[in-house]
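Q: Build me a structure from this.
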Amino acid sequence: MSKIKPANLLFLFSDQHSKHILGSYGNPYVKTPNLDLLAKEGACFRNAYCNSPICAPSRAAMATGNYASRGGFWDNAHAYGGEQASWATRLHEQGFPVTAIGKMHFKDAGPASGFHDQRIPLHIKDGVGDIYGAIRDKEITRLQFRAALEEACEGESDYIRYDRAIARTASDYLRNECASHTKPFVLFVGFVTPHFPLTAPQEYFDLYAGENSIRAPVCFDKASWPRHPVIDDYRRYCGTTDIDKKTARNAIRAYYALCSFLDAQIGIVLDALKETGLDSNTRVIYSSDHGDTMGEHGLYFKSTMYEGSVGIPLIIKGPDIPEGITVDSNASLVDIFPSVLECVGAQPDLPDLSLPGESLWGLAKAGEYRDRAVFSEYYSQGVYTAMYMLRKGDYKYVHYVNERPQLFNLANDPNEQRDLAEIPENALLCEDLEAELRKVVNPDYLEKTSKEAQRMLLERHGGKREFLRNFKPSLYSPIPKLK
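A: Residues are numbered from 1 along each chain as shown. Purely as a prediction, here's the structure:
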């Protein structure tokens, strides 16, 4: 039985937003007034994580409430296409209206995903996605990542135009269609910023023109970079081992500007919610599919288990939710599935009861710390071996197949500057956490399974050599046609 009164849900979801570049998460430099107000009026989860730090697998976990590997969602070419029920499936079965506007990054816009009403949707390119990102070895590079940093600038891009259209479409929906609903509705709004290209409108770029207008990333200087075989090879893959400070700072400035631009688009939607009076009976969730290290530890973009990449912002607000609180209990995107159902008053099906997530509303209302473990996994671009994260209590354990682990105490070392796994006295603690991890997954089996699926994918495209011969580089999915 639901513990909260049924209400509408506005689910705002961004792409690649680091919680470290958000005012309500303690960054005094970035200007994000709308999201900061949302946090002030609601509950802010300090220890929230994606379940795979890359777009399609993370979004599959968010939609299905299950870990990506359990559906074979390994990378941005193995995307969700309805193989498992989504929370939208459950709502559709029970007659609750669900509308999705903007980026979803599923296999396609078909109804199998459960999202029957999709507007200007963005999915993986051509229904095929990023095959290049399914190649995991030490032979290839993706220097377009370096180029993305070098090309950061002020201006307009397809992604800027797309997010403006998403904000308009969502606002129009709230103003013109919601009054006709007889049951609580769910509106999913998927923005694409602050994902690269690192091009931001002039007015937002100018917000960070001063020399001290952005915060220097943790371990930004090369001498302080952490050394680990997998992390070192990721830098090689991206071509960022020798990025100069001027280029890096300009890219970080553009990222800050994109975060402020995103905040403004979210403000447009929240204003429409308030103007219509729907805010009195609508809960709001804001989150992102993963973060972006953007210079932290000498790393950029996603694809690692550092906080800037695997950590995400997670803010909730609305009826029955305490105002102005922070929640220290661990949370992750698989918690979205039960949260959506409970919000509107939908009932879970029998298979849903075995899903790993838990309602965010209950975690926020409890008002006390819950010692729950959360999990993330990765099998995609730039990392030659599978990696896993278990956050339990104050500890974050990172497991690499056939490479040494990492261990951080985030209470004492929130910036992850001291790898405790390098200290022999912590060997037993690492073993205990690995045992906890293995209760969730079999890392060795999934490493083999994922690479076999990726090998078969390449074979369908002529094999690795033939694919690379015809490959045309692209770093982000093209937007749909806009009116």
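
Q: heading toward the C-terminus, what's the first helix or strand past the lowest-mean-pLDDT helix or strand in the chain?
A: Least confident element among the helices and strands of the chain, by mean pLDDT, DSSP states H and E: helix 360-366 (a mean of 88). Counting by DSSP states H and E, the next helix or strand C-terminal to helix 360-366 is strand 374-378.

Q: Quick check: can you name the pairing partners of that next one and their directions?
A: strand 387-392 (antiparallel) (DSSP bridges).

Q: any residues touching the next helix or strand after the strand it pairs with, and which ones?
A: Heading C-terminal from strand 387-392, the first helix or strand you meet, by DSSP H and E, is strand 395-400. For strand 395-400, the surrounding residues in contact (Cβ atoms under 8 Å, 6 or more residues apart in numbering) are 230, 305, 307, 385-391, 405-410, 416, 429-430, 433-434, 436-437, 443. No exception for glycine: its C-beta is placed from N, CA and C like everyone else's.

Q: May I see the ChimeraX selection of the buried members of those?
A: Buried members of the contacts of strand 395-400 can be picked out in ChimeraX with the line below, counting by 16 or more other Cβ atoms under 10 Å:
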select :230,305,307,385,386,387,388,389,390,391,405,406,407,408,409,410,416,429,430,433,437,443
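
Q: In helices, which of the contacts of strand 395-400 fall?
A: Counted as lying in helices by DSSP state H, out of the contacts of strand 395-400, are 230, 307, 429-430, 433-434, 436-437, 443.

Q: Can you tell me which of the residues you listed lies closest to residue 252?
A: If you rank those by distance to residue 252 using Cβ to Cβ, residue 307 comes first, at 16.4 Å.

Q: and residue 134, how far is that from residue 76?
A: With distances taken as Cβ to Cβ, to the nearest Å, residue 134 is found 8 Å from residue 76.

Q: Could you do residue 208 as well?
A: Computed as Cβ to Cβ, the residue 208 to residue 76 distance reads 30 Å.

Q: Could you do residue 318 as well?
A: In this view, residue 318 and residue 76 are 32 Å apart by Cβ to Cβ.

Q: quick check: longest helix of the chain.
A: Using DSSP H, we find that the single longest helix of the chain is helix 245-275.

Q: Which positions in that one come out as buried?
A: Buried positions in helix 245-275, judged by neighbour count with 16+ other Cβ under 10 Å: 248-270, 272-273.

Q: And for stretch 82-100?
A: Neighbour counts over stretch 82-100 (16+ other Cβ under 10 Å) mark 82, 84-92, 96-100 as buried.

Q: for that stretch, how far is the first residue from the last?
A: Across stretch 82-100, the terminal residues are separated by 15 Å (Cα to Cα, to the nearest Å).

Q: Tell me how far that stretch lies from the chain's centre.
A: Centre-to-centre, stretch 82-100 and its host chain are 21 Å apart (Cα atoms, centre = their mean, to the nearest Å).

Q: Do a quick rundown of the helices in the protein.
A: 33-40, 55-64, 87-93, 144-150, 158-176, 202-205, 229-238, 245-275, 307-310, 336-344, 360-366, 427-438, 443-459, 463-470.

Q: Pipe those helices into TSV and attach distance to residue 354 per row.
A: TSV is the format used below for the helices of the chain (distance: least, Cβ to Cβ, whole Å):
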stretch	distance to residue 354
helix 33-40	32
helix 55-64	12
helix 87-93	14
helix 144-150	38
helix 158-176	33
helix 202-205	44
helix 229-238	32
helix 245-275	34
helix 307-310	24
helix 336-344	12
helix 360-366	18
helix 427-438	19
helix 443-459	19
helix 463-470	38
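
Q: Out of the ones you listed, which gets the lowest mean score?
A: For those, the weakest mean pLDDT is recorded on helix 360-366, namely a mean of 88.

Q: Could you give me the buried positions within that helix?
A: The neighbour-count check on helix 360-366 (16+ other Cβ under 10 Å) flags 360-361, 363-365 as buried.

Q: where does residue 263 sit relative to residue 309, distance-wise?
A: 21 Å.

Q: Residue 466 too?
A: 32 Å.

Q: More neighbours: those two, which one.
A: residue 309 (29 against 12; other Cβ atoms under 10 Å).

Q: which residues touch that one?
A: 18, 53, 290-293, 299, 301-303.

Q: Out of those, which end up buried?
A: Listed as buried from these are 18, 53, 290-293, 299, 301-303; burial here means 16+ other Cβ under 10 Å.

Q: With respect to residue 104, which of those is nearest?
A: So of the buried ones among the contacts of residue 309, ranked by how close each gets to residue 104 (Cβ to Cβ), first place is residue 290, at 14.9 Å.

Q: Tell me if I'm right that that closest one and residue 301 touch.
A: No - with contact defined as Cβ atoms under 8 Å, residue 290 does not count as touching residue 301 (9.3 Å).

Q: Who are the packing partners of the least confident helix or strand of the chain?
A: strand 43-45, strand 314-317, strand 325-327, helix 336-344 (3 or more Cβ pairs under 8 Å, 6 or more residues apart in numbering; DSSP states H and E).
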